[in-house]
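Colleague: next come a sequence and a model predicted from it.
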Amino acid sequence: MSNRYKFLPIFPEILLDTNSNNAVKLSDKIMKQIFISISTFMWRIKRANIGHALRLSSLLFLFWMSTATVLAVSPPSPSKIYSLAFFAPRGEGDPFWGLFIGFMQKAVDDFGAELRVHYADGNREKMRQQIAREATSKNRADVLVFPNFKKGGENFLKIIEENQVPAFVVNSGFTEDEQVGLPREKYKFWIGELLPAEQDVGALLAEKLIEEGFRSQLGSNKLPLEMIGITGIVSDYAAIQRTKGLQQFVKDYPEIRLRQIVPANWSEDDAAKSFSMLKRRYPNVTLIWSASDVMAQGVIRSAKILGLVSGKDFLVGGIDWAQAGLQSVRKGDQHVSIGGHFMEGGWAVVLIYDYLKGS
């Protein structure tokens, strides 16, 4: 028997308005029921130097979830303290994964469980070794949680299957060509997954940039408006899906000319170099779609060196709600930051806890 949790995009556009009394407007009671401490966490977000002059149209909160399949088991001892191990793709202090882990920790604390965090520092082989060590440890965690990092996810699943330790996939899923199937099909100890609809967010970022591009006086403001895309690591699920969203969206806009999409490896420095190169190649470009806030900072830095003014000569938008991105929105350097998916780690904890409790 299995419990299936289907999360539809019930929060298509929830606005974070730091001028209002409520930091986040929750449109579904499910969100209110998940964390006792959610209001405290949102208050911390509001206080974390985001500022209090953000335009409502500038900061969008998105939360999308896919289907998660969770096994039902016999109820365990009520005195047992559960432990989860999370394997982060990057290092400590990463702008996005720091938020992700922080929210996940908050959920784990609310359930009286423990969280172990391993950092791969951008190295897929290091993550594989960390998963193998945890899976074979005498004191291994009850459930291992990891993304399909650089398409290494199936190798990770083979490890958990061999050692019969439950695992849950978050944030980055499997593409069809990987032929991994669904949880509990090919890999019985892969108990579930919870993923953002990355393609949708890529399309939404394009939409917000294009809307503002039409509305404002950018450059010569002649049609078609020219756009470039700066994406992440080419093998990363998030980069692939977000880029697909951009490409699909602009197909419906003959007034937009998408000149080129280049990978910048989620790096601010790489993004700065890429923008400088693309701006020389396409001098009339005014819309810059960035797959992350971190890379958007590279664009902003490079644009300032070139003497370009945000909102007048160009618009850039990013994803992730990284602190630097939020600050840039507040200052007017960045038009929009789309985020909120850092909360999926907390949602995953809820599903995993239900699995462990047999409910």
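Modeller: Arrived safely.
Colleague: what's the helix or strand containing Lys106 packed up against?
Modeller: Assigned by DSSP states H and E, Lys106 falls within helix 95-110. Where contact means 3 or more CB pairs under 8 Å, 6 or more residues apart in numbering; DSSP states H and E, helix 95-110 is packed against strand 83-88, strand 114-119, helix 293-305, helix 323-331, helix 344-357. The C-beta positions use only the backbone N, C-alpha and C, and glycine is treated the same way.
Colleague: as JSON lines, those with distance to Ser267, mean pLDDT and mean neighbour count would be great.
Modeller: Shown next, in JSON lines, are the helices and strands packed on helix 95-110 (distance: least, CB to CB, whole Å; pLDDT from 0 to 100; neighbours: other CB atoms under 10 Å):
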{"stretch": "strand 83-88", "distance to Ser267": "17", "mean pLDDT": "98", "mean neighbour count": "23"}
{"stretch": "strand 114-119", "distance to Ser267": "17", "mean pLDDT": "98", "mean neighbour count": "17"}
{"stretch": "helix 293-305", "distance to Ser267": "7", "mean pLDDT": "97", "mean neighbour count": "23"}
{"stretch": "helix 323-331", "distance to Ser267": "13", "mean pLDDT": "90", "mean neighbour count": "21"}
{"stretch": "helix 344-357", "distance to Ser267": "23", "mean pLDDT": "90", "mean neighbour count": "23"}
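Colleague: quick one, which of these gets closest to Phe149.
Modeller: strand 83-88 (7.8 Å; CB to CB).
Colleague: return the list of strands paired to the closest one, each annotated with direction.
Modeller: Note on strand 83-88: by DSSP bridges, its sheet partners are strand 114-119 (parallel), strand 143-146 (parallel).
Colleague: can I get these in JSON lines including distance to Leu258?
Modeller: Shown next, in JSON lines, are the strands paired with strand 83-88 (distance: least, CB to CB, whole Å):
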{"stretch": "strand 114-119", "distance to Leu258": "35"}
{"stretch": "strand 143-146", "distance to Leu258": "33"}
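Colleague: quick one, which of those gets closest to Ser172.
Modeller: strand 143-146 (9.0 Å).
Colleague: ok, residues contacting the closest one?
Modeller: Contacts with strand 143-146, where a contact means CB atoms under 8 Å, 6 or more residues apart in numbering, come from 82, 84-87, 127, 131, 134-135, 153, 156, 160, 165-170, 191, 345, 348, 352, 355-356.
Colleague: what sits up against stretch 280-287?
Modeller: By CB under 8 Å, 6+ apart, stretch 280-287 touches 209-210, 213, 218-220, 222, 225-228, 256, 259-260, 278-279, 313-315.
Colleague: check the chain for its longest helix and report it.
Modeller: In the chain, ranked by residue count with DSSP state H as the criterion, the top helix is helix 198-215.
Colleague: how about whichever helix or strand comes after that one as PDB, C-alpha atoms only?
Modeller: Next along the chain after helix 198-215, taking DSSP H and E as the criterion, comes strand 225-231. What follows is strand 225-231 as a C-alpha-only set of coordinates in PDB (Å, rounded to 0.1, in the frame of the first residue of the first chain):
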ATOM      1  CA  LEU A 225      13.200  43.700 -28.300                       C
ATOM      2  CA  GLU A 226      16.400  41.700 -28.100                       C
ATOM      3  CA  MET A 227      16.900  39.200 -25.300                       C
ATOM      4  CA  ILE A 228      19.700  36.900 -24.100                       C
ATOM      5  CA  GLY A 229      19.600  34.000 -21.600                       C
ATOM      6  CA  ILE A 230      22.300  33.100 -19.100                       C
ATOM      7  CA  THR A 231      21.800  29.600 -17.700                       C
END
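Colleague: fine, thanks again, bye for now.
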